[in-house]
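A.B. asks: Give me a 3D structure for the following:
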Amino acid sequence: AANGARVVSCEIRRNHSESGGAGVFLLNSELHNSLIADNRGGELGSGIYAGTSIVTGCTITNNIFEGGAYSEGGGAFLWNSQMQRCLVANNGAFSRWGVLGGGIFCTNSAIGNSLIIGNIAKSTNGASAGSGGGVFMRGGSVVNCTIAGNRAEDPTGSPERGRGGGVFMESGTMTNTITY
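C.D. replies: Below is the predicted model of the structure:
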């Protein structure tokens, strides 16, 4: 989406990108009540790349990054953005190097009133493991969310070396949130 765009009630499916936002790339934009599904690629957000943007009422599902490079946000990459009332489910990030946030990678962003389930961050390199199966936070907040059934794994599929199956927090706050 162009700078300042407003996307409402859309279905964005089966797209591919080598960089960010295989499904939709938002910059100073808004995305409301839309389905973002089955997108591939996009090292920074296979489903959504949102920079200084607002995402509300969306279903973000089955978006996957598989590659040799680093990956941040299988479902969504949020930078200085807001996400409210979204379902982020069954997304994945699989990479040889840094795998941060199978569901969501956020930097200085606010996530609220959302359900984040069944996502995976998995390293394919024996020297590292995935971090933040559900959410990887680098500043910002998670408020009134349920984060469940997410996984952070190493190449063998073991969660023992994975870091933060539900949430990996470098910095930020989490309030009134259920994680299991």
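A.B. asks: Find the centremost residue of the chain, please.
C.D. replies: residue 104 (2.0 Å; C-alpha atoms, centre = their mean).
A.B. asks: what's near enough to touch that residue?
C.D. replies: By C-beta atoms under 8 Å, 6 or more residues apart in numbering, the contact list for residue 104 reads 73, 75-78, 83, 88, 111, 116, 119, 134-136. Quick note: C-beta positions are derived from backbone N, CA and C, even for glycine.
A.B. asks: please redo it, this time with the cut-off set to 7 Å
C.D. replies: 73, 75, 76, 78, 88, 111, 116, 135 (C-beta atoms under 7 Å, 6 or more residues apart in numbering).
A.B. asks: Mind picking the lowest-pLDDT entry from those residues?
C.D. replies: The lowest pLDDT within those belongs to residue 73, with 94.
A.B. asks: how many other residues sit next to the closest residue to that residue other than its chain neighbours?
C.D. replies: Distances taken as C-beta to C-beta, 6 or more residues apart in numbering put residue 105 closest to residue 73, at 3.5 Å, once the chain neighbours are dropped. Taking other C-beta atoms under 10 Å as the criterion, the count of residues near residue 105 is 30.
A.B. asks: ditto for the one 4 residues further on
C.D. replies: The tally of other residues near residue 109 (other C-beta under 10 Å) stands at 27.
A.B. asks: What distance do you get for it to residue 137?
C.D. replies: Computed as C-beta to C-beta, to the nearest Å, the residue 109 to residue 137 distance reads 8 Å.
A.B. asks: Can you list the buried residues in stretch 26-34?
C.D. replies: Going by neighbour count (16 or more other C-beta atoms under 10 Å), the buried part of stretch 26-34 is 26, 27, 28, 29, 30, 31, 32, 34.
A.B. asks: Now the two most distant members of those residues.
C.D. replies: Spatially, the most separated pair among those is 28 and 34, at 17.4 Å (C-beta to C-beta).
A.B. asks: low pLDDT regions in this structure?
C.D. replies: Along the chain, segments meeting pLDDT under 70 span 1-2, 126-127, 158-160.
A.B. asks: can we see that at 80?
C.D. replies: Counting by pLDDT under 80, the low-confidence segments of the chain come to 1-2, 42, 67-69, 97-98, 125-128, 156-161.
A.B. asks: quick one on the thing from earlier: now tabulate the buried residues of stretch 26-34 in CSV and tack on distance to residue 42 and secondary structure.
C.D. replies: CSV is the format used below for these (distance: C-beta to C-beta, whole Å; DSSP: H, G, I helix; E, B strand; the rest coil):
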residue, distance to residue 42, secondary structure
26, 12, strand
27, 14, strand
28, 19, coil
29, 16, coil
30, 20, strand
31, 15, strand
32, 21, strand
34, 16, coil
